[in-house]
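Asks: Test case, fold it:
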Amino acid sequence: MSERSSSTGRLTMGVVWAVLLLALWLWGREVTGVRHGTATPTTGDMAAVGRPPDAELPPAARPLKAALPQRIDIPDLGVQAPVVARGLDAHGAVDAPPLDQPGVVGWYAGGAKPGAAGTALMVGHADTETRPAVFHKISSLQPGAKVRVARDDGKIAEFTVDDIQVVTRDLFDAHQAYGPRHSGRPELRLITCGGTFDRQSRSYTANVIVSTYLTGTPR
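Replies: Numbers count the residues shown, from 1 in each chain. Prediction:
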């Protein structure tokens with residue numbers, strides 16, 4: 001993720017997805033890097049892990065009513081992080097949290113809310129100049145891993161990982177990377193930098209994209 005200027009504007013829902021897809025295409029092509037630290041794994045063109053052919057995953061749960069996310073927990077990685085609403089920056093890309101907040105996850109507030117129908121997007125840094133950041137290890141997640149989002153209605157939306165990909169810039173496709181896997185299913189996409197760090201452009205060569213879908217509400 002690149003350091004970006006703050007964006008607080010909200011787009012109307014009538015145009016948000018057209019703008020978002022263009023922004024995410026630009027983001028995946030140009031602004032995936034932050035600072036050189038410990039990079040996520042170098043990968044090939046698309047699949048970092050993917051889904052094993054014999055993986056048995058739970059059925060999708062029904063959509064929840066819309067509510068704001070407050071915290072994300074990824075038990076397999078020991079991640080417990082606050083979630084803040086983010087918009088689009090001056091370049092039209094999703095505005096990640098500032099680099100001086102490496103433990104914070106940004107939720108794209110112009111899109112779906114986690115647990116509601118649609119694809120919610122959360123972004124986080126992989127590292128900074130000096131240390132790993134909140135999404136440093138998400139490429140190591142396996143299908144079946146749990147991701148829990150605490151919401152302001154008191155409910156926990158529990159998601160199950162069903163796919164992990166590393167998408168290189170030259171193969172980046174916004175619809176494939178960020179569009180819904182199944183129409184109407186509540187989904188959550190976790191996104192960070194991946195591939196290798198290009199010192200000349202000071203950016204990473206790819207994005208790690210973890211796809212999850214709602215499978216329950218522990219409380």
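Asks: For the protein, just list every one of the helices.
Replies: Assignment of helices within the chain using DSSP state H yields the ranges 16-30, 174-178.
Asks: Would you mind confirming that Val134 is in contact with Val105?
Replies: Yes: counting by Cβ atoms under 8 Å, Val134 does reach Val105; the two are 5.8 Å apart. C-beta: built from backbone N, CA, C; applies to glycine.
Asks: joint contacts of these two?
Replies: Residues within reach of Val134 and of Val105 at once, by Cβ atoms under 8 Å, 6 or more residues apart in numbering, are Ala81, Gly124.
Asks: any idea of the mean pLDDT in stretch 171-185?
Replies: Stretch 171-185 carries an average pLDDT of 77.
Asks: Quick check: end-to-end length of it?
Replies: 26 Å (Cα to Cα, to the nearest Å).
Asks: What of stretch 189-207?
Replies: 12 Å.
Asks: Could you find the closest non-adjacent residue to Gly103?
Replies: Take Gly103 and drop its neighbours on the chain: the residue closest to it by Cβ to Cβ, 6 or more residues apart in numbering is Val134, 5.2 Å away.
Asks: need the contact list for that neighbour.
Replies: When contacts are counted by Cβ under 8 Å, 6+ apart, Val134 touches Val79, Ala81, Pro102, Gly103, Val104, Val105, Gly124, His125.
Asks: Select only the buried ones of these in PyMOL?
Replies: In PyMOL, the members of the contacts of Val134 classed as buried (16 or more other Cβ atoms under 10 Å) are selected with the following command:
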select buried, resi 79+81+102+104+105+124+125
